[in-house]
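S.K.: Based on what follows, work out the 3D shape:
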Amino acid sequence: MAKKEKTTKEVAGEAKAISIELIKKLKELSGVGLTDAKKALVEAKGDFDKALAAMRKKGLTKAEKRGDRETREGVVDAYIHDGRLGAIIEVNCETSFVANTDDFRDMAHKLAMQVASMNPLYVTEDQIPEEKRAEAIKEAEASLTGKEPADKKADILAKKVSKHFAEAVLMNQPYIFDDKKTVAEFIKENIAKFGENINVKQFKRIELGVTE
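M.R.: Next up is the predicted model:
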């Protein structure tokens, strides 16, 4: 039997049954517009978690497209813990309007806390010295069993190297306020939320009595 198409009246009734508070909540968490948030909740039949997953995927897809845009504005934020440990970080965005918002500054502060807590050495894998990368590749190759498909070997090695530097690279670290996502994923969510490219330019961590 063919699936019965819903009438315009039925669709409108489903949309009306979804509260504006739920729509706003989805908008804030996913970074999409009100119309898209409402549509997602209707399609998910009011299932908030299902709608959030769909909208986060859509928002992160948009965020990927913003990744090459220039970031000339931003903030420098610092976090000090008990007078013995601190971190300072530069987080960039595209406009001073976004840089001056409380939400952006809060995001930068959380990233400073991430640096203080997790002690990364690099922002991205691109900053890893070639000699250290070569050592990690050598270790990864030694761990292969020889049974890996030839066309998958490069991907397997890349994943092993990324895992090797997971704690040393800020973007690869589990985000301290939600370890189900990485710092890179946290930043992508904020790119979707603010509608601007965002990146970490640099950071410095200082611990009492510890020198590099």
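S.K.: continuing past the helix or strand bottoming out on mean pLDDT in the chain, what's the next helix or strand?
M.R.: For the chain, scoring each helix and strand by mean pLDDT, DSSP states H and E identifies helix 8-17 as the least confident one, at a mean of 48. Scanning forward in sequence from helix 8-17 by DSSP states H and E, the next helix or strand is helix 20-30.
S.K.: Which strands and helices lie in contact with that following helix?
M.R.: Other elements packing on helix 20-30 under the criterion 3 or more Cβ pairs under 8 Å, 6 or more residues apart in numbering; DSSP states H and E are helix 34-43, helix 48-66, helix 183-194. C-beta here means a position set from N, CA and C on the backbone, and glycine is covered the same way.
S.K.: The same query, at a cut-off of 6 Å, please.
M.R.: helix 34-43, helix 48-66 (3 or more Cβ pairs under 6 Å, 6 or more residues apart in numbering; DSSP states H and E).
S.K.: Show the low-confidence segments of this protein, by residue range.
M.R.: Scanning the chain for pLDDT under 70 picks out the ranges 1-17, 28-33, 56-69, 212.
S.K.: Would you map out the domains in it?
M.R.: Domain ranges of the chain: 8-66, 73-124+167-207, 129-164, per automatic domain parsing.
S.K.: Using CSV, lay out these together with mean neighbour count.
M.R.: Shown next, in CSV, are those (neighbours: other Cβ atoms under 10 Å):
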stretch, mean neighbour count
domain 8-66, 16
domain 73-124+167-207, 18
domain 129-164, 12
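S.K.: Just confirm residue 51 contacts residue 38, I think it does.
M.R.: No: between residue 51 and residue 38 there is no contact under Cβ atoms under 6 Å: 9.5 Å.
S.K.: Residue 108 versus the most centrally placed residue in the chain, what's the distance?
M.R.: Geometric centre of the chain, nearest residue: residue 185, 1.9 Å, by Cα atoms, centre = their mean. Computed as Cβ to Cβ, to the nearest Å, the residue 185 to residue 108 distance reads 17 Å.
S.K.: Tell me the spacing between residue 129 and residue 121.
M.R.: 10 Å.
S.K.: what helix or strand does residue 201 sit in?
M.R.: Secondary structure (DSSP H and E) places residue 201 in strand 199-207.
S.K.: and the angle for that strand with helix 183-194?
M.R.: 130 degrees (axes from the mean of the first three to the mean of the last three Cα atoms, to 10 degrees).
S.K.: counting contacts, what elements does strand 199-207 pack onto?
M.R.: Counting contacts by 3+ Cβ pairs under 6 Å, 6+ apart, strand 199-207 packs against strand 85-93.
S.K.: Could you spell out the sheet neighbours of the strand it packs on, each with its direction?
M.R.: Counting by DSSP bridges, the strands paired with strand 85-93 are strand 73-81 (antiparallel), strand 199-207 (antiparallel).
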